[in-house]
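> Attaching a predicted model along with its sequence, questions to come.
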Amino acid sequence: MDELVRAFQDVDANLRLVFALSEVSWDLLYVRDDVADTYSESDFEATYREHMGNRISASNLRQTIDGGEYHGEMYFFEDIVVFQFPSTRHEAVVVSYDWDETAPIADVFEVAKNADM
């Protein structure tokens, strides 16, 4: 996974964090030093539970919107953009960057699409 983190860092230096969600747990792969205190273990636990619940409901949306192969989801906040890239029904990688209008969204999706997650 170090290679995956480096690939996301190469896309943009504003990478905030990378964590992996699996069928039974989560694993923090990277968090930038200046934002590390922003997150807690309970934040990741809550995100893990939400991810597992969303996997079931999201399959209906993907079936309704026939847009080709599903690659991931984005969440936009005032200063942060979050990407969630599922690798299986119960596994995903979550990547977060500082957000501004120059954020390389297409490049982030390209890294995830080409990664072996």
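Sure thing, it's come through. Residues are numbered from 1 along each chain as shown.

> now the residue nearest in space to the middle of the chain, what's its secondary structure?
Centroid-nearest residue in the chain: residue 94, 2.0 Å away (criterion: Cα atoms, centre = their mean). At residue 94, secondary structure determined by DSSP: H, G, I helix; E, B strand; the rest coil is strand.

> can you pull the contacts of it?
17, 18, 19, 20, 21, 47, 51, 82, 83, 84, 85 (Cβ atoms under 8 Å, 6 or more residues apart in numbering). The way it works is simple: take the backbone N, C-alpha and C, and place the C-beta from them, glycine included.

> Got phi/psi on the first one?
The one in question is residue 17. For residue 17, the backbone dihedrals (degrees, to the nearest 10) come out as phi -160, psi 160.

> That one reaches residue 43, doesn't it?
No - counting by Cβ atoms under 8 Å, residue 17 does not reach residue 43; the two are 10.2 Å apart.

> So between those two, which is more surrounded?
Taking other Cβ atoms under 10 Å, residue 17 and residue 43 do not tie; residue 17 has more neighbours (22 against 10).

> Not counting its neighbours along the chain, what's nearest that one?
Leaving aside its sequence neighbours, residue 17 sits nearest to residue 31 (Cβ to Cβ, 6 or more residues apart in numbering; 4.5 Å).

> ok, so what distance separates that neighbour from residue 22?
Residue 31 is 18 Å from residue 22, where distance means Cβ to Cβ, to the nearest Å.

> Which of the two has more residues huddled nearby?
Taking other Cβ under 10 Å, residue 31 and residue 22 do not tie; residue 31 has more neighbours (17 against 14).

> And that one, what's its pLDDT?
On pLDDT, residue 31 comes in at 95.

> Likewise for residue 38?
90.
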